[in-house]
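>>> Okay, sequence plus prediction incoming.
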Amino acid sequence: MELWIPIAIAAAACQAWRTALQQKLKALLSTDGANFVRYLYGAPVSVLMIVLLVTVGGRVLPDWNWAFVGWAALGGVAQIVATSLLIWTFELRNFAVGTAYSKTETVQLALFGTLLLGDHLGLLAWGGIVVCLVGVLVLSTKGDARSLRSIVAGWTQKAAIIGIVAGGIFGVAALSIRQGVLALPSGDFMVRAIFTLALMNTLQTVTMGAWLMLRDPGQIVKVVTTWRSSAFVGLLSVSGSAFWAMGFALQNPALVRALGQVELVFTFIASHFMLHEKPSVGEIIGSVLVVGGVVLVLLGR
């Protein structure tokens, strides 16, 4: 098995777990505050990872350059903007609509990679990405036919357009992380990926911290006082981001993100076994489609 495959699955698992815990923080923090937790508590962990790789792992820090800094900064800002747009879609419509349209990220990412970076995919891989997208749509609506028709028919509505733009910017973030990793002239994939993540998380902490200081300084105090809950969310976030970055260092980001769609299947499984929720036929069909699409992506890579 190629190394990027278990790395992408680990990233999806961390992201699903983080999202579940982050929902609980909404009772204590604003949306921006809950988002800031990812960076404030994640940045020190990513820096610690680099320190351990150098001191314990015997790695040597890569020689950085301004191209690397630029790509890391672009990736960090894109991630913040995309997350804000995604939250906006939740407010305009609902969670299902925002999630469904933002998940067009994988298709957009594949298009960006092909047109801008020459990362060509096989026909079978393209088919797998489309099947994954259909599965995500079905899972997002829990198989409800009317909701599914509403999402498909309403792609010109404001919430849909913003959701699609959010997905595109998430794609820009993924490509920027990959380009940042590749811009480093030395080091193995792990040290280059974590070094990129450490810089990106640090820039995100400073940027979003300044934003909250101007707009809602009380949230910074709340983020600090809720550290027992917030720190674990930050740890899961940076762990997932580290796996994503390593996956992007090893493989086309479109393929990594396509495999990462199993995140929704993990969420579905957790709701069944942890919350004892009975799965609907639509959820089962959606999960099968996502898994089937992932298999096609792996066969056609």
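Yep, it's here.
>>> can you pull the buried residues of the helix or strand hosting V107?
Assigning secondary structure by DSSP states H and E places V107 in helix 105-112. Counting neighbours by 16 or more other CB atoms under 10 Å, one finds that the buried residues in helix 105-112 are 105-110, 112. The way it works is simple: take the backbone N, C-alpha and C, and place the C-beta from them, glycine included.
>>> so what pLDDT did the residue nearest to V265 when sequence neighbours are not counted get?
Leaving aside its chain neighbours, V265 sits nearest to S287 (4.9 Å; criterion: CB to CB, 6 or more residues apart in numbering). On pLDDT, S287 comes in at 71.
>>> Skipping its backbone neighbours, what lies nearest C132 in space?
Nearest residue to C132 in three dimensions, chain neighbours excluded: G293, at 3.4 Å (CB to CB, 6+ apart).
>>> after the helix holding V107, next one along is what?
helix 123-140.
>>> For the stretch 51-200 of the chain, which segments are assigned as helices?
Using DSSP state H, counting those that start in this stretch, the helices of the stretch 51-200 of the chain run over 66-92, 95-102, 105-112, 123-140, 145-153, 158-183, 189-215.
>>> Most widely separated two among the buried residues of helix 105-112?
Greatest spatial distance among the buried residues of helix 105-112 (CB to CB): T106 and F112, at 10.8 Å.
>>> Name the residues contacting each of those two.
G171 (CB atoms under 8 Å, 6 or more residues apart in numbering).
>>> ok so, going back, closest to V45 out of the helices of the stretch 51-200 of the chain?
helix 189-215 (8.3 Å).
>>> What is the distance between the helix or strand harbouring R228 and the centre of its chain?
Using DSSP H and E, the element containing R228 is helix 227-250. Put simply, helix 227-250 sits 10 Å off its chain's centre (CA atoms, centre = their mean, to the nearest Å).
>>> model confidence over it, on average?
Mean pLDDT, computed over helix 227-250, is 88.
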